[in-house]
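J.: model this:
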Amino acid sequence: MKISRYHLAAFVAFFIWGFFPIPLRWLAGYPSGQILFFRVLFSLVLLLLIHGVARRDTVRQTWGQWRAAPATERRQASVSTVVGGFLLTANWLLFIYVVNQVSVQAGSFAYLICPILTSLLGFVVLGEKLRRNQWLAIGLAAASCALLGSGEVRTLLMSLVVASTYAAYLISQRRLQGYDRLVLLTVQLILSALVILPLAPLLGAQPSAGLHDAHLLATVVLLSIVFTVLPLFLNLYALNVLPSGAVGIFMYINPLLSFLLAFLYFGEQATGVQLGAYGVIFLSIVLYNWKKPATG
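T.: Purely as a prediction, here's the structure:
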């Protein structure tokens, strides 16, 4: 396979995301809702600036595309965008909580199992077909979850909830093929901000206090620019040319790096059962992505 700049863009995007737990842990003493509030706010402001300066034609084109679509498609696109916005917001909040309050391992496991869970949801919800080796991979992933559940049910449940919200988000976006992904993400963050603002006290967010906290603001600006918008641009740049399957392979760089950080940087420990479960999930990933070579 020839390595192009698009492959490099996908690699760098997921490589960056692999180090996301480091700056996130700098904010471990803050409520998850406070971090979420400012991450959404700064990411949205940055995306609006980018669209306003460099992507106005794309925004107009996307709006015109939606307006010109049949009523059924407009309704379906609107519902998928709104549902996706809620799912993404929930995923961000839960991931922040899991990494800072449970463990980096739990967050990493969630994104390792996410592609397999996405395929299972695709089969159930969209009727997508699965190969025999992918069904076997799903079985191995279930076995991995059973192993983890025998040791720490709460950690497993938190990982599964994080993985499920993101898998459901990806499935919801399958119905939005052909629309500019970054424009839709901006719309979803606008919806997210509209939901979070009135619910800020319930989420533990204190916007007025946060605006006077230099450490919080500096770290969340870093999270928004370097760990949200930049890798998103790189990922979308790669998806403009590469098939989603090719980009999807790079997705595993993220949780694998996070696992290394959990053990080597954060000093987390794992029991023999947990290590066995991780080994099973790694095997399932290899099996899930294996394709029988074409015969000439």
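J.: To which secondary structure element type does the residue most central in space within the chain belong?
T.: In the chain, the C-alpha closest to the average C-alpha coordinate belongs to Tyr166, at a distance of 5.7 Å (C-alpha atoms, centre = their mean). Classification of Tyr166 using DSSP: H, G, I helix; E, B strand; the rest coil returns helix.
J.: next one: the one 3 residues further on
T.: At Tyr169, secondary structure determined by three-state DSSP is helix.
J.: what residues are up against it?
T.: When the contact criterion is C-beta atoms under 8 Å, 6 or more residues apart in numbering, the partners of Tyr169 are 84, 87-88, 91. To be clear about C-beta, it is placed using only N, CA and C from the backbone, and glycine gets the same treatment.
J.: Repeat that for Leu261.
T.: Residues counted as contacts of Leu261 (C-beta under 8 Å, 6+ apart) are 18-19, 21-22, 104.
J.: Look up how far Ala205 lies from it.
T.: Counting by C-beta to C-beta, to the nearest Å, the separation of Leu261 from Ala205 is 27 Å.
J.: now Glu73
T.: Here the distance between Glu73 and Ala205 works out to 36 Å (C-beta to C-beta).
J.: Which one's more surrounded, those two?
T.: Under the criterion of other C-beta atoms under 10 Å, the comparison of Glu73 against Ala205 puts Ala205 first, with 21 against 14.
J.: quick one: the helices in the stretch 51-200 of the chain?
T.: 56-68, 71-97, 104-121, 132-151, 153-173, 181-203 (DSSP state H, counting those that start in this stretch).
J.: Which elements pack onto the second one?
T.: On a contact count with 3 or more C-beta pairs under 8 Å, 6 or more residues apart in numbering; DSSP states H and E, helix 71-97 meets helix 32-54, helix 56-68, helix 153-173, helix 181-203.
J.: Count the residues that sit near Val124.
T.: By other C-beta under 10 Å, the burial measure for Val124, its neighbour count, is 10.
J.: Could you do Leu234 as well?
T.: Neighbour count of Leu234, defined by other C-beta under 10 Å: 21.
J.: residue contacts, it?
T.: When the contact criterion is C-beta under 8 Å, 6+ apart, the partners of Leu234 are 9-10, 12-13, 16.
J.: With Gln101 instead?
T.: By C-beta under 8 Å, 6+ apart, Gln101 lies in contact with 28, 32.
J.: which among the contacts of Leu261 gets closest to Arg174?
T.: Gly18 (25.1 Å; C-beta to C-beta).
J.: quick revisit: without its sequence neighbours, what residue ends up closest to the residue nearest to the centre of the chain?
T.: Setting aside the residues directly before and after it, Tyr166 is nearest to Asn91 in space (C-beta to C-beta, 6 or more residues apart in numbering), at 4.8 Å.
J.: cool, and Val226?
T.: Ile16 (6.8 Å).
J.: Leu283: which of the helices of the stretch 51-200 of the chain is closest?
T.: When the helices of the stretch 51-200 of the chain are ranked by proximity to Leu283, the top entry is helix 132-151, at 6.0 Å, counting by C-beta to C-beta.
J.: which other residues reach the closest one?
T.: In this structure, residues lying in contact with helix 132-151 by C-beta under 8 Å, 6+ apart are 109, 113, 116-117, 119-120, 130, 155-156, 159-160, 271, 273-274, 276-278, 280-281, 283-285, 287-288, 290.
J.: Mark which of those residues are buried, thanks.
T.: Buried subset of these (neighbour count, 16 or more other C-beta atoms under 10 Å): 109, 113, 116-117, 119-120, 155-156, 159-160, 274, 276-278, 280-281, 284-285, 287-288.
J.: secondary structure class for Val241?
T.: Bear in mind the rule, three-state DSSP; under it Val241 is coil.
J.: quick one on the thing from earlier: for the contacts of Leu234, pick the one with the most neighbours.
T.: Ranked by neighbour count (other C-beta under 10 Å), the contacts of Leu234 have Ala10 at the top, with 27 neighbours.
J.: Need the nearest residue in space to it, chain neighbours excluded.
T.: On the basis of C-beta to C-beta, 6+ apart, the spatially nearest residue to Ala10 that is not a chain neighbour turns out to be Ala238, at 3.8 Å.
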